[in-house]
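Peer 1: Next come a sequence and a model predicted from it.
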Amino acid sequence: MTISPQVAAPASYGDAQRTGLTANDLFDGVTEHLFFSQGASTTAPTDHDLYMALSYAVRDRLMARHLAYKDLQRQHPAKSVAYLSAEFLIGPQLGNNLLMLGIREEAQEALARFGVSSLDRILAVEEEPGLGNGGLGRLAACYVESLASLEIPATGYGIRYEFGIFDQLIENGWQVEITDKWLKGGWPWEVVYPYKSCRVGFGGSTRTYHDRDGRLRVCWEPAEQALGIPHDVPVLGYGVNTCGRLRLWRAVATESFDFRAFNSGDYHAAVEDKVNSETLSKVLYPNDGTDAGRRLRLKQQHFFVSCSLQDMLRNLLERGIPIQEFEHHWAVQLNDTHPAIAVAELMRLLVDEHQLDWDQAWGITTRSLAYTNHTLLPEALECWGLALFASLLPRHLQIIYELNARFLQQVRLRYPGRDDILSRVSLIDERGGKAVRMAHLAALGSHHINGVAALHSELVQRDLFPDFAALWPEKFTNVTNGVTPRRWVALANPPLAALLSEQLGQAWPTQPQRWHELELLASDSTFLERWAGCKLAAKRQLTNLIAERNGLLVDPTSLFDVQVKRIHEYKRQHLNALQIVARYLRIKKGLTQGMVPRTVVFAGKAAPGYYLAKLIIRLINGIADVVNNDPDCKDLLKVVFLADFNVKLAEQVYPAADLSEQISTAGLEASGTGNMKFMMNGALTLGTLDGANVEILEQVGADHFELFGLTTDQVAAWRASGYRPWEVLQGSPVLQEVVELLYSGQFSEGDGGLFAPLLDGLSHSDPFFVLADFEAYLQAQQRIDGRWQDQRGWRHSSLMNTARSGFFSSDRSIQDYAERVWKVDPMPVELACSLSEQSTQHLSS
Ligand code: NBG
């Protein structure tokens, strides 16, 4: 059912200076905000002043839409999605919001009146909030955008970290981490709602009592408490008036100042509670797999989950809806196990605070929650030691024990005498030091469990949760990831966006099924020329950036071969590095026949505690140093490591890629989403049969994809029968030569031992089958050279990649979740006429 009533908006919504979308209106809005919000001169504003003032002016426009949306929701209580995620990597906001409103040119014109000739210069001022590590956080950002674009009521709930993911510098080839102070210049995109704060407890003890009806109840008396204050970031949909939001919680002390301590002269103690509470939302944990057992991380998870669930319950009560109807109003999605404590916390809120019966509460919980798994890597499946858990969340542990007892009883009935199954599925891991298994808790408490690509979802059932899948096959499903074509093409790649608008019409960003029409142009030489022209324009831009940042001149007509993502052994950047060394050796020997000029670009952060990943960065930079300074390589090979990969940089990189490196060990990359961004921008994939690569290959066809490497089953079989990487090494003269050269110190200023931890690991255990896939990878790279020599064929394939990438729009993923998992409908927002007239002129749908 779709509701589309007209919303009567308050008169101020129609105030052109605040909501109008013409260049004049924007100019007035910027002027006003320069003056009254920034306290800055309107005659000589700085770029920062202009960035802030324009952002506030744009935010006014979002607010008008957001409030209309809230009004509508109040009047028509439709089911809403609560997307719970410890990370939202939303990227810069100003450019994106101008795109969503369709007012980029108007903004440019308004700025011109302040003497600013380029909007990009002002956009560059924005400090992006690094509130995520990588793919998982960026996926959450694409999803809230698609939710708004599809007009589905939704809130993304998360944490407003004061310090996000670290900034990366490269010094002497090594990664150096710098604190990310994204808030230092002020951040204009959030609205704070102090009176909507929620109280969250930790530690303490529980006691039982009898309620008025004589029923036994439990009361938790926490030892400490913190307040969560919501900071809302509006999230506007594309070409629609729906403006959802992120609600990010910042922690503060319940009492910020202890007068008793102050009066007795202990100034430090007077603010101690405040300092302690605020550390809760101080910093994002880098996902280095070594953080298991960290107390603060569990506190963060409980903090944001509790605030969010309380907020949802309060929202029902405010609207006069009984909480028994929770499941009809909220579809709560757990983005990985980070928010899995929601299962116990929702039970606690319903049973202890709202006095529901256990069974009723459990019914509501399991009909409201759903869980997405994002990785099979064991180190990322969260487990919390019992002692730690009990000391922080004593009541939750009781609830988990009770849930577990009831659950195991069911399993016992189903499989009498099978203690092995009981111990495998239990919420408590009893091998070694006991621990709470958060993935099991999430699985037990959810009505759906999904992986993020077809292959991954299969492995989730087969390898990760085989017993759960046997118990409840109906719970398991797949929702393949997607990315938003708005940010990743329309915003990031203006030349391509213009060409697509011309061919497919203005509405292409929301009509991915129409991208197939491009296929009709695949043999049109003139069009292919223009296609190639777009790519070249993006490559020139990246060439300039490389010159600026790395002081290196690369040839924009060379093949841009790109691997950008977090640095991890399973993603195998070192496989790529070994291949580059092999190529270098060929050049040194003059064996360059069939070799095409390449620029290999890397970017990505390594978790600070992950030594081998940092060594891989050092290796790439060591190779770059040698290769880029060797005159023999001059026209054939350049290697670039771009520091500090983030959303802003990503927007420059994806459009410029000819080749997308997706070379993870089969079975280990849950999905990948960079692979989709490359594809949309017309890059060919060189990849293994892993994650969403499988579906990319399926969509685009084998002619336009370069496949190589062992399959998941082959890796497993080889591992089972005993994989001996040293034998692979002995059997490959090329590999031997490469490894010898690396041990020689040529890429490490004579320090032959520098890369030993990496190289020794490869030849002795090679857990990610780098050596096993090396020869196949080398050959695939040679096939790529061959393809590149046929430029017409390459352009054709490039076009096919974009044309067939529609499946990977996050709109498709969200539609899929909405229909099959959340059972939610769109709720279009229509604005009062003054606004809607402006909108229809400007929005491109
Ligand atoms: C990551 C996977 C990627 C996947 C993203 C988004 C985690 C835990 N998982 O393959 O490694 O694309 O999630 O689903 O960050």
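Peer 2: Now that the structure is in, tell me what you want to look at. Residues are numbered from 1 along each chain as shown.
Peer 1: Enumerate the residues of the stretch 301-450 of the chain near the ligand.
Peer 2: In this structure, the stretch 301-450 of the chain approaches the ligand at residues 336, 374-375, 380, judged by CB under 6 Å from any ligand atom. Where you see a C-beta, it was placed from the backbone N, CA and C, and this is true even at glycine.
Peer 1: Repeat the analysis, applying 8 Å as the threshold.
Peer 2: The stretch 301-450 of the chain comes close to the ligand at residues 336, 372, 374-375, 377, 380, as judged by CB under 8 Å from any ligand atom.
Peer 1: For PyMOL, write a command that selects the buried ones of these.
Peer 2: Selection command for PyMOL covering only the buried members of those, criterion 16 or more other CB atoms under 10 Å:
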select buried, resi 336+372+374+375+380
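Peer 1: so how far is Glu109 from Glu819?
Peer 2: Relative to Glu109, Glu819 is positioned 42 Å away (criterion: CB to CB, to the nearest Å).
Peer 1: And the two? Which one has more around it.
Peer 2: In terms of neighbours (other CB atoms under 10 Å), Glu109 is the more surrounded of Glu819 and Glu109; the figures are 16 against 11.
Peer 1: residues contacting the more buried one?
Peer 2: Counting by CB atoms under 8 Å, 6 or more residues apart in numbering, Glu109 touches 23, 26-27.
Peer 1: So it: helix, strand or coil?
Peer 2: The local conformation at Glu109, judged by DSSP: H, G, I helix; E, B strand; the rest coil, is helix.
Peer 1: Ok, the one 5 residues further on next?
Peer 2: Assigned with three-state DSSP, Phe114 falls in the coil class.
Peer 1: next one: Leu553
Peer 2: Quick answer, by three-state DSSP: Leu553 is coil.
Peer 1: ok, now Ala86?
Peer 2: Classification of Ala86 by three-state DSSP places it in coil.
Peer 1: Nearest residue to it in space, please, no chain neighbours.
Peer 2: In space, Ala86 comes closest to His338 once its chain neighbours are excluded; the distance is 3.8 Å by CB to CB, 6 or more residues apart in numbering.
Peer 1: what's the answer for Ile617, then?
Peer 2: If you skip the residues right next to it in sequence, Ile617 has Gln175 as its closest partner in space, 5.0 Å away by CB to CB, 6+ apart.
Peer 1: Am I right that that neighbour sits in a strand?
Peer 2: Yes - inclusion of Gln175 in a strand is indicated when three-state DSSP is applied.
Peer 1: Spit out the contact partners of it.
Peer 2: So, once contact is read as CB under 8 Å, 6+ apart, Gln175 ends up touching 168-169, 605-606, 614, 617-618.
Peer 1: now the residue most central in space within the chain: how far from Pro608?
Peer 2: Ranked by distance to the mean C-alpha position of the chain (CA atoms, centre = their mean), the top residue is Arg138 at 2.0 Å. Taking CB to CB as the measure, Arg138 falls 20 Å from Pro608.
Peer 1: now do Lys571
Peer 2: According to CB to CB, Lys571 and Pro608 sit 17 Å apart.
Peer 1: What mean pLDDT does the helix or strand where Gln409 lies get?
Peer 2: Using DSSP states H and E, Gln409 maps to helix 394-414. For helix 394-414, mean pLDDT is 98.
Peer 1: try stretch 635-652
Peer 2: Computed over stretch 635-652, the mean pLDDT rounds to 98.
Peer 1: before we move on, what about stretch 16-29?
Peer 2: pLDDT averaged over stretch 16-29 equals 91, rounded to a whole number.
Peer 1: could you dump that stretch to CSV, C-alpha only?
Peer 2: Backbone C-alpha positions of stretch 16-29 (Å, rounded to 0.1, in the frame of the first residue of the first chain) are rendered in CSV as follows:
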residue,chain,number,x,y,z
ALA,A,16,12.5,31.3,-0.8
GLN,A,17,15.7,32.4,0.9
ARG,A,18,15.4,29.3,3.1
THR,A,19,14.0,26.8,0.6
GLY,A,20,14.1,28.2,-2.9
LEU,A,21,16.2,26.5,-5.5
THR,A,22,17.1,29.2,-7.9
ALA,A,23,20.6,30.8,-8.1
ASN,A,24,19.1,34.0,-6.6
ASP,A,25,17.6,32.1,-3.7
LEU,A,26,20.8,30.4,-3.0
PHE,A,27,22.8,33.6,-3.2
ASP,A,28,20.4,35.1,-0.6
GLY,A,29,20.7,32.0,1.6
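Peer 1: Sort out which residues of the strand ranked longest in the chain are buried, please.
Peer 2: Of all the segments of type strand in the chain, defined by DSSP state E, the longest one is strand 224-236. Within strand 224-236, the residues that count as buried by 16+ other CB under 10 Å are 224-236.
Peer 1: Out of those, which is nearest to the ligand?
Peer 2: Distance to the ligand, by CB to the nearest ligand atom, is smallest for Val235 among these, at 18.6 Å.
Peer 1: ok, and what's touching stretch 748-761?
Peer 2: Residues external to stretch 748-761 that are found in contact with it (CB under 8 Å, 6+ apart): 574, 611-612, 615-616, 618-619, 622, 739, 742-745, 747, 767.
Peer 1: Show me how far that stretch is from its chain's centre.
Peer 2: On the basis of CA atoms, centre = their mean, to the nearest Å, stretch 748-761 sits 33 Å off its chain's mean C-alpha point.
Peer 1: for it, what is the average pLDDT?
Peer 2: 97.
Peer 1: and what of stretch 797-807?
Peer 2: For stretch 797-807, the mean pLDDT works out to 98.
Peer 1: can that stretch be found next to the ligand?
Peer 2: No - using CB under 8 Å from any ligand atom as the criterion, no contacts between stretch 797-807 and the ligand are found, and the smallest distance is 15.2 Å.
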